[in-house]
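Asks: With the input below, show me the fold.
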Amino acid sequence: MLKDLLFALELGIKVIGTFILCTFLGVKLDAYFGCQPIILLICLLLAFIYVIKLLLGVGRHE
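Replies: Down below sits the predicted model:
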């Protein structure tokens, strides 16, 4: 049971961390290049694709 709890916490941290990192990176790059929503949307799309691949791959590794 503890192993499952730690796995769920690790998965949650990966998902939330990915979105936070991509949001921060997208906002900073948009401010640097002066193209407000474009890079942020691209980063969030890439984060979404990564998280979906991560969640779909969870069942295969057990």
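Asks: For the rest of this, base every contact and every neighbour count on C-alpha atoms.
Replies: Noted.
Asks: How many neighbouring residues does L54 have?
Replies: For L54, the tally of surrounding residues (other C-alpha atoms under 10 Å) stands at 14.
Asks: In which helix or strand does it reside?
Replies: In the assignment (DSSP states H and E), L54 maps to helix 36-56.
Asks: Can you tell me the closest non-neighbouring residue to I39?
Replies: Among residues not flanking I39 along the chain, G26 sits closest, at 5.4 Å (C-alpha to C-alpha, 6 or more residues apart in numbering).
Asks: which parts of the helix or strand hosting that neighbour are buried?
Replies: Per DSSP H and E, G26 falls inside helix 2-33. Within helix 2-33, the residues that count as buried by 16 or more other C-alpha atoms under 10 Å are L11, V15, T18, F19, C22, T23, L25, G26, V27, L29, D30.
Asks: Kindly report the same for stretch 40-52.
Replies: Quick answer for stretch 40-52 (16+ other C-alpha under 10 Å): L40, L41, C43, L44, A47, F48, V51.
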